[in-house]
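Enquirer: What shape does this take:
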Amino acid sequence: MNDSFNALIKLILPEGLEDYFELTSHTTEGATLHLYLKELNILPTEYSGNKLISKGFFDEVTIQDFPIRGQSVFLHITRRRWLNEDTGKAVFRNWDLLAHGTRITKDFAFFLKEFSRYTGS
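Expert: A predicted model of the protein is given here:
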C-alpha cells in the first residue's frame, strides 16, 4: 500500500494498531464500515529468548469501534499464535504486557484485553 493510504489508516485505527496489524480489506454496507485486520508475524518480545514458529491464527473476532463520519465501524481482528519449540506450547502476544511500555493507548490495550476474553486466549 502507498504511504498516503498508510497515513490515512493510521488516523482511522486505534493508536499503535498499525504496528502489529495490517489492514487486509474493507467493505461498506449501508452506513457500516468493516475493517479486516490480521496480526503481523512480529514475535512477542516476552519470548525473545525462545524459538517461535508461526502456527496460524485464532478465529476472527468482530468488535465495534468509534463511528467515523456517521458510519458504524466494526473491526474484524484475526490474532496470530506461535509454537514455542522450546516448550511445545502455543503462545500469543500478551497485550497486558505490551500496553505498559509501548505506544498503544490504554483504551486500545483495554480493547484487546476484552477481545481476548472472546477468543479464549
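
Enquirer: any idea which element Lys10 lies in?
Expert: helix 3-12 (DSSP states H and E).

Enquirer: Tell me which residues of that helix come out buried.
Expert: By 16 or more other CB atoms under 10 Å, the buried positions in helix 3-12 come out as Ile9, Ile12. In this view, the C-beta of every residue, glycine as well, is placed from N, C-alpha and C.

Enquirer: Check the burial of Glu114 by counting its neighbours.
Expert: Look at Glu114: counted by other CB atoms under 10 Å, it has 12 neighbours.

Enquirer: ok, back up a step: give me the residues contacting the helix holding Lys10.
Expert: With contact meaning CB atoms under 8 Å, 6 or more residues apart in numbering, helix 3-12 is reached by Met1, Glu18, Leu23, Leu35, Ile68.

Enquirer: For that helix, give the mean pLDDT please.
Expert: For helix 3-12, mean pLDDT rounds to 77.

Enquirer: Could you do stretch 54-66 as well?
Expert: Averaging pLDDT along stretch 54-66 yields 87.

Enquirer: Between the two ends of it, how far is it?
Expert: Distance across stretch 54-66, first residue to last, is 31 Å (CA to CA, to the nearest Å).

Enquirer: buried residues in that stretch?
Expert: Residues of stretch 54-66 classed as buried: Phe58, Val61, Asp65 (neighbour count, 16+ other CB under 10 Å).

Enquirer: roughly how far is it from the heart of the chain?
Expert: Relative to its chain's centre, stretch 54-66 lies at 7 Å (CA atoms, centre = their mean, to the nearest Å).

Enquirer: So in this structure, where's the weakest helix or strand by average pLDDT?
Expert: Lowest mean confidence among the helices and strands of the chain (mean pLDDT, DSSP states H and E): helix 95-100, at a mean of 51.

Enquirer: Surely His26 touches His34?
Expert: Yes. Between His26 and His34 there is a contact at 6.3 Å, judged by CB atoms under 8 Å.
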